[in-house]
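Novice: sequence below, structure please.
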Amino acid sequence: MATSTTPRGRLSLAAMLLTATIALYMALVAFGNITDFGTNQQFVRHVLAMDTTFKDEDLMWRAITSTGLQDTAYVLIIAWETVAALVLSYGSWLWARNDQARARQFSSYGLLMVMLLFGAGFIAIGGEWFSMWQSKSWNGLDAATRIFLFSGVVLVVNQLSAPRTETPAT
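Specialist: This next block holds a predicted model:
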């Protein structure tokens, strides 16, 4: 697809800057998790083990207590964060080049990756399946909700920047 030569509109500029902000955030999260592996490793272990929840016997069968499985889940989270950061960075670069169609495409992919991680992964699976909401010390729902909503707003801005197509009158 050819690069657009039209001047950058305000929405395209907003899409570029907001996408770059989420890219930076995800890159810093992935970098932090790689360079300080143990801190969030403990978070993932406690959430999956459900060891700080109400310990309701009807729910505790869901707990994953194998450190091997817990660490595998954590490494997969870090890999997902890293790929999302790379996709969003590429989308931001395409916005800067004014290649709007491809920028929108890659930014949308990256933003959806972030929303899946924080929405499906942390809010739904961590929060509900593993009852993270019950923990006073290992509860990341507020942070996950914040990033999920911010990414959703950025996704909407990305889509709003699409050129309007004329539809014939009926």
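
Novice: C-alpha only now, for contacts and for neighbours.
Specialist: Fine.

Novice: longest single helix anywhere in this structure?
Specialist: For the chain, the helix that runs over the most residues, judged by DSSP state H, is helix 67-96.

Novice: find the residue at the geometric middle of this structure.
Specialist: What sits nearest the mean C-alpha location of the chain, by C-alpha atoms, centre = their mean, is residue 114, with 1.7 Å.

Novice: what about the residue lying closest to that residue once chain neighbours are set aside, distance to residue 69?
Specialist: Nearest residue to residue 114 in three dimensions, chain neighbours excluded: residue 84, at 6.5 Å (C-alpha to C-alpha, 6 or more residues apart in numbering). As for residue 84, its distance to residue 69 is 22 Å (criterion: C-alpha to C-alpha, to the nearest Å).

Novice: so between those two, which is more surrounded?
Specialist: residue 84 (26 against 13; other C-alpha atoms under 10 Å).

Novice: check that one and give its pLDDT.
Specialist: Looking at residue 84, its pLDDT stands at 99.

Novice: ok, residue 124 next?
Specialist: At residue 124, the pLDDT recorded in the model is 98.

Novice: give the contact list for residue 89.
Specialist: 19, 20, 23, 24 (C-alpha atoms under 8 Å, 6 or more residues apart in numbering).

Novice: just to revisit the earlier point, test my guess that the residue nearest to the centre of the chain contacts residue 151.
Specialist: Yes. Counting by C-alpha atoms under 8 Å, residue 114 touches residue 151, with 7.0 Å between them.

Novice: pretty sure residue 46 contacts residue 52?
Specialist: Yes. If you go by C-alpha under 8 Å, residue 46 and residue 52 touch, sitting 7.0 Å apart.

Novice: these two: which has the busier surroundings?
Specialist: Neighbours per residue (other C-alpha under 10 Å) separate residue 46 from residue 52, with residue 46 holding more: 23 against 16.

Novice: return the backbone torsion pair for that one.
Specialist: Note on residue 46: its backbone torsions stand at phi -70, psi -40 [degrees, to the nearest 10].

Novice: how about the contacts made by it?
Specialist: Residues near residue 46 by C-alpha under 8 Å, 6+ apart: 52, 138.

Novice: now it: how far from residue 157?
Specialist: As judged by C-alpha to C-alpha, residue 46 and residue 157 stand 36 Å apart.

Novice: also residue 77?
Specialist: 26 Å.

Novice: so between the two, which is more surrounded?
Specialist: Using other C-alpha under 10 Å as the criterion, residue 77 and residue 157 rank with residue 157 on top: 20 against 16.

Novice: wouldn't that one be in contact with residue 14 here?
Specialist: Yes. With contact defined as C-alpha under 8 Å, residue 157 and residue 14 form a contacting pair (7.3 Å).

Novice: all set now, cheers.
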